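> what would the 3D arrangement of this be:
(chains A, B, C and D)
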There are 2 protein chains.
Amino acid sequence: MKKSPLSQQTRTDAGLASVLSVTVGRLARRLRAQRLDASLSLGQNAALFTLARHGEMTPGELAEHEKVQPPSMTRIVAALEERGLVRRTRHPEDQRRQLVDLTEEGREMVRADRRRRQAWMAQRLKELTPQEKDTLRRAAEIMDRLTQA
Amino acid sequence: MKKSPLSQQTRTDAGLASVLSVTVGRLARRLRAQRLDASLSLGQNAALFTLARHGEMTPGELAEHEKVQPPSMTRIVAALEERGLVRRTRHPEDQRRQLVDLTEEGREMVRADRRRRQAWMAQRLKELTPQEKDTLRRAAEIMDRLTQA
DNA sequence: CGGTATTGTTAGCAAAAGTAATGAGTTCTG
DNA sequence: CAGAACTCATTACTTTTGCTAACAATACCG
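So this is what the prediction gives:
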């Protein structure tokens, strides 16, 4: 079994927390730089993705889910609406609230986004073994749970 | 085998790329929010961490390692120096270059940072099984490699 | 030497998220 | 049931953080 430099610092929970923080930060930066051509910001993509996964919800719910403050989500949703990717409707029982949902165009964007990201990440993923990809798959689910806790 | 909602979207490389992007982005935001009380930005922490891991290096090397542009690293290093966490010395053989290294105070900060992060993340990690933590450990190494590619 | 390349910095700008204050709608309460 | 209190979203403003372009200093090379 190969001993990478990283593994020496992940024995404890604290060490793992540190390493994970740094790595996640760097990868996030890298991803952000990657979608330069891209028309959508990381946050916009994340919101679209969440709507695709969970169906319509209010801006507030969306904000909480994405762990941003409501004003940030207002901006994200406004940008998405401007581009016709989402639609806002009044909540039937509470005029303060709104319901945000994907338009068909938004759904197509989610599909397109997936294709676009593949451009560089699939390149890297291709170099991984099936086991490693599987590890990432399972890690994604775990990290997802971490952010929700 | 349990079937989570996420797994349905990670069968293909593209699907995995999408999910990973969103999850990593959200976790990065969460981490950033977490160190609010904290005195150091995510980028500053990452630089400190890298120095702790790899020893002294030039700002340029640091920038490349962290995948930021040199001016960004200039700012990060300047901030760290201002706080006495790193020290800059001239490169012995090339007056253009500098060598950045941790001070003892910087080293202590790395340790403190690790303790601080543990405050909330260890809480979450505690709820994971050893197998799940192991998955995260291995995923961190893989993601680390992804950002270097 | 004199011109070019490299290293780091400064300056200016843009994107994205945060906090505080505001407006509109709903609910509670005396 | 009238008004206080609360909730949801938005607007206004600030902060953070990264980028590109231009620049200064040093090193290299013909």
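> buried ones in the host helix or strand of A:Thr74?
Counting by DSSP states H and E, the element that carries A:Thr74 is helix A:70-82. Applying a neighbour-count criterion of 16 or more other Cβ atoms under 10 Å in any protein chain shown, one finds A:Ser72, A:Met73, A:Ile76, A:Val77, A:Ala79, A:Leu80 buried in helix A:70-82. (Glycine included, C-beta is placed from N, CA and C.)
> pretty sure the last one contacts A:Ala46?
Read it as A:Leu80. No. A:Leu80 lies out of contact with A:Ala46 (Cβ atoms under 8 Å); the separation is 11.1 Å.
> just give the nearest non-adjacent residue to A:Leu62, would you?
A:Met73 (5.3 Å; Cβ to Cβ, 6 or more residues apart in numbering or on different chains).
> residue contacts, the one you found?
Applying Cβ atoms under 8 Å, 6 or more residues apart in numbering or on different chains, we find A:Met73 in contact with A:Ala47, A:Pro59, A:Gly60, A:Leu62, A:Ala63, A:Glu66.
> quick one: contacts of whichever helix or strand A:Leu51 is part of?
Using DSSP H and E, A:Leu51 falls within helix A:42-54. For helix A:42-54, the external contacting residues (Cβ under 8 Å, 6+ apart) are A:28, A:31-32, A:35, A:38, A:40, A:57, A:62, A:65-66, A:68, A:72-73, A:76-77, A:79-80, A:85-86, A:100-102, A:106-107, A:109-110, A:113, B:5, B:9, B:18, B:21-22, B:25-26.
> check those against DNA strand D, which are close?
For DNA strand D, the contacts drawn from the contacts of helix A:42-54 by Cβ under 7 Å from any atom of the strand are A:Met73, A:Val77.
> what about the closest residue to A:Gly60 other than its chain neighbours, distance to A:Asp144?
In space, and not counting its chain neighbours, A:Gly60 is closest to A:Pro70: 6.0 Å by Cβ to Cβ, 6+ apart. To A:Asp144, A:Pro70 is 22 Å away according to Cβ to Cβ, to the nearest Å.
> what do you get for A:Leu128?
20 Å.
> re earlier: could I get the helix holding A:Thr74 in CSV with only the CA atoms?
Extracted in CSV, the C-alpha atoms of helix A:70-82 (Å, rounded to 0.1, in the frame of the first residue of the first chain):
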residue,chain,number,x,y,z
PRO,A,70,-31.1,35.2,1.3
PRO,A,71,-29.9,38.3,-0.5
SER,A,72,-27.4,36.2,-2.4
MET,A,73,-30.1,33.9,-3.5
THR,A,74,-32.3,36.8,-4.5
ARG,A,75,-29.5,37.8,-6.9
ILE,A,76,-28.9,34.3,-8.2
VAL,A,77,-32.6,33.7,-8.8
ALA,A,78,-33.0,37.1,-10.5
ALA,A,79,-30.1,36.4,-12.8
LEU,A,80,-31.6,33.0,-13.7
GLU,A,81,-35.0,34.4,-14.3
GLU,A,82,-33.6,37.1,-16.5
